[in-house]
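S.K.: sequence and computational prediction follow.
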Amino acid sequence: MTVASAFAGMRGVAPVVFRAGCPDCRGRFELAAGALRLAIGATSRTTFYSFTCPECGASVRKPAGERVVELLTGGGVRTLRLHSTL
């Protein structure tokens with residue numbers, strides 16, 4: 001079976017968007033996965049996601065618990081690991 005035949009009947013997939021809010025301007029908006037960054041640290045205190053507010057331009061950094069990490073990685077958000085897996 002070729003890749004083309006395996007995916008022949010599939011329709012396009014809608015892009016994943018995430019709802020977010022800015023603590024500075026209180027704006028509420030949706031962001032594509034490419035607008036977010038996820039940093040996974042050694043502890044929950046060093047694991048966070050970040051983005052730039054599209055309304056006021058502020059750099060926003062918020063903590064990311066296990067469920068948020070799962071949702072963001074599953075949605076295609078680029079991830080940076082801040083600790084070694086050794």
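M.R.: Everything's here; your move.

S.K.: so for the spatially closest residue to Val16 that is not a sequence neighbour, what's the pLDDT?
M.R.: Among residues not flanking Val16 along the chain, Gly75 sits closest, at 4.0 Å (CB to CB, 6 or more residues apart in numbering). Where you see a C-beta, it was placed from the backbone N, CA and C, and this is true even at glycine. Looking at Gly75, its pLDDT stands at 93.

S.K.: kindly report the same for Val3.
M.R.: The model's pLDDT for Val3 equals 64.

S.K.: follow-up on the earlier one: in contact with the residue nearest to Val16, which residues?
M.R.: Contact analysis of Gly75 by CB atoms under 8 Å, 6 or more residues apart in numbering lists 16, 18, 33.

S.K.: mind telling me what element the second one is part of?
M.R.: Read that as Phe18. If you go by DSSP states H and E, Phe18 is part of strand 17-21.

S.K.: walk me through which strands that strand pairs with, and which way each runs.
M.R.: strand 28-32 (antiparallel) (DSSP bridges).

S.K.: still on that earlier bit, closest to Thr47 among the contacts of Gly75?
M.R.: Distance to Thr47 across the contacts of Gly75 (CB to CB) is lowest for Phe18, with 16.3 Å.

S.K.: can you report how many residues neighbour the closest one?
M.R.: By other CB atoms under 10 Å, the residues close to Phe18 number 18.

S.K.: which helix or strand contains Arg61?
M.R.: Using DSSP H and E, Arg61 falls in strand 59-63.

S.K.: how far away is the closest residue to Ser44 other than its chain neighbours from Glu55?
M.R.: Counting by CB to CB, 6+ apart, Ser44 lies nearest to Gly65, which is 6.6 Å off, once chain neighbours are set aside. With distances taken as CB to CB, to the nearest Å, Gly65 is found 25 Å from Glu55.

S.K.: quick check: buried residues in stretch 16-30?
M.R.: The neighbour-count criterion (16 or more other CB atoms under 10 Å) identifies 18, 20, 22 as the buried residues of stretch 16-30.

S.K.: may I have that stretch exported as PDB, CA atoms only?
M.R.: Coordinates of each C-alpha in stretch 16-30 appear next as PDB, following Å, rounded to 0.1, in the frame of the first residue of the first chain:
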ATOM      1  CA  VAL A  16      -6.000  23.400  15.400                       C
ATOM      2  CA  VAL A  17      -6.600  26.700  17.300                       C
ATOM      3  CA  PHE A  18      -6.200  27.400  21.000                       C
ATOM      4  CA  ARG A  19      -8.100  29.900  23.000                       C
ATOM      5  CA  ALA A  20      -5.900  32.300  25.000                       C
ATOM      6  CA  GLY A  21      -6.100  35.500  27.000                       C
ATOM      7  CA  CYS A  22      -3.700  38.300  27.700                       C
ATOM      8  CA  PRO A  23      -3.300  39.300  31.400                       C
ATOM      9  CA  ASP A  24      -2.100  42.800  30.300                       C
ATOM     10  CA  CYS A  25      -4.800  44.000  28.000                       C
ATOM     11  CA  ARG A  26      -7.400  41.300  29.000                       C
ATOM     12  CA  GLY A  27      -7.900  40.500  25.300                       C
ATOM     13  CA  ARG A  28      -9.400  37.100  24.400                       C
ATOM     14  CA  PHE A  29      -8.500  35.400  21.100                       C
ATOM     15  CA  GLU A  30      -7.700  32.200  19.300                       C
END
